[in-house]
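Trainee: the amino acid sequence is not available; the structure is as follows:
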């Protein structure tokens with residue numbers, strides 16, 4: 001039985017845990033070490049259960065707690081070479097940090113979980129998503145911070161049992177909100193984020209390929225709401241003849257994550 005814990009998910013901080021109390025991995029560490037360990041403990045996961053950290057990219061909302069966490073726990077960090085190079089320049093990581101470059105074509109294994117990486121279109125060096133294969137044969141993919149759903153993203157997520165996918169903004173809220181126009185352009189551009197409508201189209205392609213559990217994540221607290229993201233995706237999938245509870249299960253992660261693990 002595999003469990004996926006969305007601990008934090010928003011434009012202000014992101015972190016997920018894959019595994020269980022006996023061991024697993026973190027995907028990103030975008031909040032303080034204190035908040036991260038408190039969230040793990042609230043789910044019954046001891047700090048020692050974290051056996052590795054996989055980093056999608058070097059933006060602060062994905063690495064804010066990384067330095068302090070690595071100072072307390074000597075565990076390996078996996079990321080693309082460009083991401084690690086950026087971290088070395090911008091984050092004062094411990095000198096003995098155990099950093100591992102991930103190759104696009106070479107899977108790596110940590111905590112008995114096999115990870116494969118695929119590139120993503122986002123304005124950070126080495127930005128990527130991950131596909132994880134569990135010891136029981138189940139698979140999941142973490143895929144946020146996408147300007148565009150590229151063929152590489154489609155290939156990296158195809159057939160995964162569970163996918164955490166981005167639903168960052170509602171176009172109307174973004175257009176009529178407080179963000180200046182250049183920031184709006186960045187968010188909605190090809191190196192920015194996916195809208196709720198983009199996420200709905202992405203979900204439509206995933207379900208026929210075998211994905212049964214979807215988690216919408218990385219919602220903007222200024223330019224989206226849980227209700228809007230869920231409504232947009234469910235309405236689109238319903239129009240495509242796909243029914244929640246029959247063809248797929250859907251969760252929407254809040255800034256402080258999901259209260260319970262998603263079992264897949």
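Mentor: Perfect, thanks for sending it. Computed from a predicted model, the values in this text were never measured in an experiment.
Trainee: CA atoms for contacts and neighbours, from now on please.
Mentor: OK.
Trainee: for stretch 232-244, buried residues please.
Mentor: 232, 233, 234, 236, 237, 242 (16 or more other CA atoms under 10 Å).
Trainee: tell me which of those residues fall in helices.
Mentor: 232, 233, 234, 236, 237 (DSSP state H).
Trainee: turn those residues into a markdown table, including pLDDT.
Mentor: Output for these, formatted as a markdown table (pLDDT from 0 to 100):
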| residue | pLDDT |
| --- | --- |
| 232 | 98 |
| 233 | 98 |
| 234 | 98 |
| 236 | 98 |
| 237 | 98 |
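Trainee: and which of those is nearest residue 124?
Mentor: residue 233 (26.9 Å; CA to CA).
Trainee: residue contacts, the closest residue to that closest one other than its chain neighbours?
Mentor: Nearest residue to residue 233, sequence neighbours excluded (CA to CA, 6 or more residues apart in numbering): residue 200, at 4.4 Å. By CA atoms under 8 Å, 6 or more residues apart in numbering, the contact set of residue 200 is 232, 233, 234, 236, 237.
Trainee: look up how far residue 236 lies from residue 200.
Mentor: Here the distance between residue 200 and residue 236 works out to 6 Å (CA to CA, to the nearest Å).
Trainee: and residue 135, by the same measure?
Mentor: Remark: distance between residue 135 and residue 236 (CA to CA) = 34 Å.
Trainee: for residue 46, same thing?
Mentor: Taking CA to CA, one finds residue 46 at 39 Å from residue 236.
Trainee: cool, and residue 65?
Mentor: Taken as CA to CA, the span from residue 65 to residue 236 is 36 Å.
Trainee: also residue 175?
Mentor: To residue 236, residue 175 is 22 Å away according to CA to CA.
Trainee: part of a helix, is residue 84?
Mentor: Yes - counting by DSSP: H, G, I helix; E, B strand; the rest coil, residue 84 is found in a helix.
Trainee: next, count neighbours for it.
Mentor: Using other CA atoms under 10 Å, residue 84 is surrounded by 23 other residues.
Trainee: contacts only, for the residue lying closest to residue 209 once chain neighbours are set aside.
Mentor: If the residues on either side of it in the chain are set aside, residue 209 comes closest to residue 159, at 4.9 Å by CA to CA, 6+ apart. Contacts were defined as CA under 8 Å, 6+ apart; by that measure residue 159 touches 206, 209, 210, 211.
Trainee: and residue 1, by the same measure?
Mentor: Counting by CA under 8 Å, 6+ apart, residue 1 makes contact with 136, 263, 264.
Trainee: remind me which residues of the stretch 101-250 of the chain are low pLDDT?
Mentor: For the stretch 101-250 of the chain, no stretch has pLDDT under 70.
Trainee: may I see the buried residues of stretch 19-37?
Mentor: 19-21, 23-33, 35-37.
Trainee: stretch 250-262 too?
Mentor: 250, 252, 253, 254, 255, 256, 257, 258, 261, 262.
Trainee: looking at those, which are in strands?
Mentor: 250, 252, 262 (DSSP state E).
Trainee: quick one: which of those is nearest residue 73?
Mentor: residue 262 (26.0 Å).
Trainee: on the three-state scheme, the nearest residue to residue 210 once chain neighbours are set aside is what?
Mentor: Sequence neighbours aside, residue 159 is the residue nearest to residue 210 in space, at 4.7 Å (criterion: CA to CA, 6+ apart). Following three-state DSSP, we place residue 159 in the coil state.
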